[in-house]
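> got a sequence here, can you build the structure:
(one chain, ligands or ions: 2)
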Amino acid sequence: MLEYQTQTPQYPMAPAFDAINLFDFVVKEGNGVKGMIDSGLSEVPDRYIQPEHERINKKNMNSHVVSLPTIDLSALDGPKHDQVVETLVMSAETLGFFQVVNHGLPIQLLEELKDAAHQFFNQPPEKKSVYLKGVSPSPLVKYGTSFVPEKEKALEWKDYVSMIYTSDDDALKHWPDHCKEVALKYLQASTKMAKTILEVLMKDLGVTLDASMAAAYMGTKMVNMNFYPTCPAPELTVGVGRHSDMGTLTVLLQDGIGGLFVKVEENGNAGKKGEWIEIPPIEGALVINIGDTLQILSNGRFKSAEHRVRTTSTQSRVSIPLFLTPRPEVKIGPLPQAVEKDGGTEYKECLFGEYMTNFFGEAHQGKKSLDFVKITQP
Ligand SMILES: O=C(O)CCC(=O)C(=O)O
Ligand SMILES: [Fe+2]
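Ligands and ions are numbered 1, 2, ... in the order given. Have a look, this model is predicted:
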């Protein structure tokens, strides 16, 4: 790993931020949280202070060590095949989060990817703000901060860049130079791995994942690079608020800093219902989580996990998710095989595009996104 140094502050003294000024500086002008910190800020501005119940402090974290399965994916091709399938299915049915090793992605690629993320965000603000929504030279690249800043009372302590995949050529043409090659390799290899995992999970539902289904449910691919600058008071802020991912599967590379927490939905090996447990950083591992779409397709059997990210005061953190989602025109609803097994349907059908519009329509609010299709019993 390279050593990272925060850039020399660009202002000798912290500018006096009032609320509007701050929003313009961070969000509209694209300085991001990183620009705010680099300007010499030493206190968390009001706009970033979370209400008490959303803060991530020692009190509402698990106190005991939990053991989460780390799955050796290469064992799917050997005598332990059935055992690995069982662990994958069990993890998807309970926590909705697991980690994989021997996943086929070279460790060096993962290191290069984290380095590329640091390099991108360590650029001066004007290099990043060219990709702001509305001015970006490409519809495939978007740089921003928080989740939906205009709709959020308290902003998230995070900057990001999103890269949408349409083809290899487009990626190499449009994605930022700093990360395009490595991000594309990550996307290609992770997609292949995620397809294997989806095949296993679908088979358990009695569904054979053919090429057209894979294209339907994982047809949109997007790599994000998240950057969480150091925070002077982590107990007052969140890196990402409580949410579930909207798509089918997410593959996530996190660095060694930690701070990703998942809510336990049902009592089980992983912990007690309602408890937040940390997905510990494991070198060389990738985190996989189930998104809302797979929960819907499986008629509620596989759990899209609620998760959130804590900030730290010591070092900037990076994470790089690959979101695999349906294309907007794809209809999502419980698969007939799952409904037949369960004798009833939990969710109504909708177009994924409609689901997405609703998802981005509000600030992060846990798993509320699923209410959009949930059938409520009279
Ligand atoms: O940074 C992380 O570990 C998770 C980020 C996340 O949940 C997301 O981008 O959806
Ligand atoms: Fe997420």
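
> list the contacts of the residue nearest the centre of the chain.
In the chain, the centroid-proximal residue (CA atoms, centre = their mean) is residue 321; its distance is 5.0 Å. By CB atoms under 8 Å, 6 or more residues apart in numbering, the contact list for residue 321 reads 223-224, 226, 245, 250-253. Yep, even glycine has a C-beta here, placed from its N, CA and C like the rest.

> repeat that with 6 Å
224, 250, 252 (CB atoms under 6 Å, 6 or more residues apart in numbering).

> quick check: phi and psi at it.
phi -90, psi 150 (degrees, to the nearest 10).

> in CSV, list the contacts of residue 321 along with distance to ligand 1 and pLDDT.
Output for the contacts of residue 321, formatted as CSV (distance: CB to the nearest ligand atom, whole Å; pLDDT from 0 to 100):
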residue, distance to ligand 1, pLDDT
224, 6, 98
250, 7, 98
252, 6, 98
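
> of those residues, which is the most crowded?
When the contacts of residue 321 are compared by neighbour count (other CB atoms under 10 Å), residue 250 ends up highest, at 26 neighbours.

> hmm, that residue is touching residue 288, no?
No - between residue 250 and residue 288 there is no contact, the gap being 7.1 Å when judged by CB atoms under 6 Å.

> any idea how far the residue nearest to the centre of the chain lies from residue 142?
14 Å (CB to CB, to the nearest Å).

> isn't residue 309 right up against residue 239?
Yes - counting by CB under 6 Å, residue 309 touches residue 239, with 3.5 Å between them.

> between the contacts of residue 321, which is nearest residue 345?
Nearest to residue 345 out of those is residue 250 (CB to CB; 24.8 Å).

> so for stretch 194-210, what gets flagged as buried?
194-202, 204-205, 207, 209 (16 or more other CB atoms under 10 Å).

> and that stretch, what's its mean pLDDT?
Across stretch 194-210, the average pLDDT comes to 97.

> quick check: the residue of this structure nearest ligand 1.
Distance from ligand 1 to each residue of the chain (CB to the nearest ligand atom) is smallest for residue 319, at 3.2 Å.

> is it true that that residue touches residue 227?
No - counting by CB under 6 Å, residue 319 sits too far from residue 227 to count as a contact (8.7 Å).

> which neighbours do these two share?
Contacts common to residue 319 and residue 227, judged by CB under 6 Å, 6+ apart, are absent.

> residue 312: neighbour count?
17.

> go on, the one 4 residues further on?
Other residues within reach of residue 316 by the criterion other CB under 10 Å amount to 23.

> state the distance from it to residue 99.
From residue 316 over to residue 99 (counting by CB to CB), the distance is 22 Å.
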